[in-house]
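Q: sequence unknown, structure follows:
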């Protein structure tokens, strides 16, 4: 952990440059540029609202807000992992020519998507304020939840980016894994719809716990029925799994790092 933060601090300028590059590449040629980060959550809300409030009629009040509260943090997670998987291979010219801590490459994808996540949260804050949500009541919890989630995102991204150098099929498998992970997280449905015998299984998934925190911070302040922050045991379990995944991801990455150049 100390080594990880030392690298981030020592190479903070390079990390900033790599993150800036990823942002430029992501929006290169796009007329609206960074405004897509603001439009994406709005368009997503409209589509899901139509499908689940009009077509399928899930019966959830203001379903768009219910959805987007959990969808945005999951998108931060899935996009970071999906883009980070190929980060070493796609930057083979840098890996082969100069020395720098290779973990900065997948981490630049994490921070790129974190910036997008913050921009999307701005849109969410505006929507919540207009609709009369008193989300500021629990807003002090938001930095803590985001900070914890960053470790989960970084750990999984480091793990898959390192393994993908040696097993190229992984980049295709990750897309499927993220889809399964999405449906295994209460995002488009409330936890109350899940049979009780399966709820404890879903809560082993740390993203289920983080999604519950986001939803309680933003949505359930207006519609408290069905609300309830995760228990202390669920929270500790999620944090424990998050740290385990982070340490595994970082350990595997550092073990495989010396062989990156010869493999790509």
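A: All right, it came through fine. Worth saying up front: this structure is predicted, and the values here are computed from it rather than measured.

Q: Can you give me every residue that contacts the spatially most central residue of the chain?
A: Residue closest to the average C-alpha location in the chain (Cα atoms, centre = their mean): residue 77, at 1.8 Å. Counting by Cβ atoms under 8 Å, 6 or more residues apart in numbering, residue 77 touches 149, 152-153, 156, 207. Yep, even glycine has a C-beta here, placed from its N, CA and C like the rest.

Q: Now flag whichever of those residues is closest to residue 220.
A: residue 207 (17.8 Å; Cβ to Cβ).

Q: Would you mind measuring from the residue nearest to the centre of the chain to residue 13?
A: The spacing between residue 77 and residue 13, counted by Cβ to Cβ, to the nearest Å, is 26 Å.

Q: what do you get for residue 83?
A: 22 Å.

Q: More neighbours: those two, which one.
A: Legend: neighbour count by other Cβ atoms under 10 Å for residue 83 and residue 13, higher for residue 83 (20 against 8).

Q: How many neighbouring residues does the closest residue to that one other than its chain neighbours have?
A: In this structure, residue 83 finds its nearest non-sequential neighbour in residue 109, 4.6 Å apart by Cβ to Cβ, 6 or more residues apart in numbering. For residue 109, the count of nearby residues is 26 (other Cβ under 10 Å).

Q: coming back round to it: so for the residue nearest to the centre of the chain, what's the pLDDT?
A: pLDDT recorded at residue 77 is 96.

Q: In contact with the residue nearest to residue 83, which residues?
A: 22, 80, 83-84, 87, 157.

Q: Over to residue 212?
A: 186, 191, 229-230.

Q: Quick check: the two most widely separated of the residues you listed?
A: Checking these with Cβ to Cβ, the most distant pair is 186 and 229, at 13.8 Å.

Q: Can you tell me which helix or strand of this protein has the lowest average pLDDT?
A: Across the helices and strands of the chain, mean pLDDT, DSSP states H and E gives its lowest value to helix 35-49, namely a mean of 68.

Q: Centre of the chain to the helix or strand that that one is followed by, how far?
A: Going down the chain from helix 35-49, the next helix or strand is helix 63-85, by DSSP states H and E. Counting by Cα atoms, centre = their mean, to the nearest Å, helix 63-85 is centred 5 Å from the centre of its parent chain.
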